[in-house]
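Q: Only the shape, not the letters, is given here:
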């Protein structure tokens, strides 16, 4: 997977993107978020509040039950504030 | 030069929305001229311009980040949705990113239609969904203190007004 991070999530992690293999047993967005929280303190903090986290799979907004595959581009970011 | 179409206006392919995501400023007058150029069926052009606000006199600058690729995709999707709901002869969305100063332009939405209601409603629809769906994030610099702008629940609440498919200015069913 290609994981990309924006805005406050990017800043909390100090990372804008990374290649990351789909962990075994992870099939959807909700499971992936839980997994991300287990990747250390920075990740735990950045992914702690589900209400302030949005996910896009292949550049399309995704819900918690959306399936994820190893070839996907998955983005994590806070609620948008454009306009 | 625009060629005269042999088909009736209804059979002409819908005009593709003009979607731009850019650092540079935009020129409102130029965009209004462009949206109605060569299109005599237009009787109404509505524009909305969003600018950088400084409520407390403390804002130094605002920096807009976005998700290249997804941003254009989302704006196109929203424009397509509007074109499906209203008879539009033109639709323009321009959104800036990068560092902006108080008073600077951020976003332009322009819609053109035969009658005003469709243009008014479509412009509001575009802005409502742009605010909730387009992947932009604002960060304010208030003199050394940088802060991400929080999303507002009210921006999501207003979306419910578009759940009723039949708005007065929307397209008729099968005519």
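A: Nice, thanks for sending it over. The model shown is predicted, which means the values in this text are computed figures rather than measured ones. Numbering: from 1, shown residues only, chains lettered A, B, ... in the order given.
Q: For the top helix by length along chain A, list every residue counted as buried.
A: For chain A, the longest helix by residue count, based on DSSP state H, is helix A:29-37. Judged by neighbour count (16 or more other CB atoms under 10 Å in any protein chain shown), helix A:29-37 contains these buried residues: A:29, A:30, A:31, A:32, A:33, A:35, A:36. No exception for glycine: its C-beta is placed from N, CA and C like everyone else's.
Q: Adding pLDDT, write the residues you listed out as JSON lines.
A: What follows is those, written out as JSON lines (pLDDT from 0 to 100):
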{"residue": "A:29", "pLDDT": "97"}
{"residue": "A:30", "pLDDT": "96"}
{"residue": "A:31", "pLDDT": "97"}
{"residue": "A:32", "pLDDT": "98"}
{"residue": "A:33", "pLDDT": "97"}
{"residue": "A:35", "pLDDT": "97"}
{"residue": "A:36", "pLDDT": "97"}
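Q: now those in TSV, with distance to chain B?
A: Output for the buried residues of helix A:29-37, formatted as TSV (distance: CB to the nearest CB, whole Å):
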residue	distance to chain B
A:29	16
A:30	20
A:31	22
A:32	18
A:33	18
A:35	22
A:36	18
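Q: Just give the nearest non-adjacent residue to the residue in chain B positioned nearest to chain A, would you?
A: Scanning chain B for the residue nearest chain A gives residue B:136, at 2.7 Å (criterion: CB to the nearest CB). Of all residues not flanking residue B:136 in the chain, residue A:82 sits nearest, at 2.7 Å (CB to CB, 6 or more residues apart in numbering or on different chains).
Q: now that neighbour: how far from residue B:95?
A: Distance, residue A:82 to residue B:95, by CB to CB, to the nearest Å: 6 Å.
Q: Provide the backbone phi and psi angles at the residue of chain B closest to chain A.
A: phi -120, psi 150 (degrees, to the nearest 10).
Q: Same check on residue B:134?
A: Main-chain torsions, residue B:134, degrees, to the nearest 10: phi -80, psi 130.
Q: distance of it from residue A:50?
A: 21 Å.
Q: higher neighbour count, these two?
A: More crowded of residue B:134 and residue A:50, by other CB atoms under 10 Å in any protein chain shown: residue B:134, with 26 against 13.
Q: tell me which element residue 81 is part of?
A: In the absence of a named chain, chain A is used. If you go by DSSP states H and E, residue A:81 is not part of any helix or strand.
Q: think we crossed wires, I meant chain B
A: Going by DSSP H and E, residue B:81 is in helix B:70-85.
Q: right, is that helix up against chain A?
A: Yes: with CB under 8 Å from any CB of the partner chain as the criterion, chain A is reached by helix B:70-85 at B:70, B:73, B:74.
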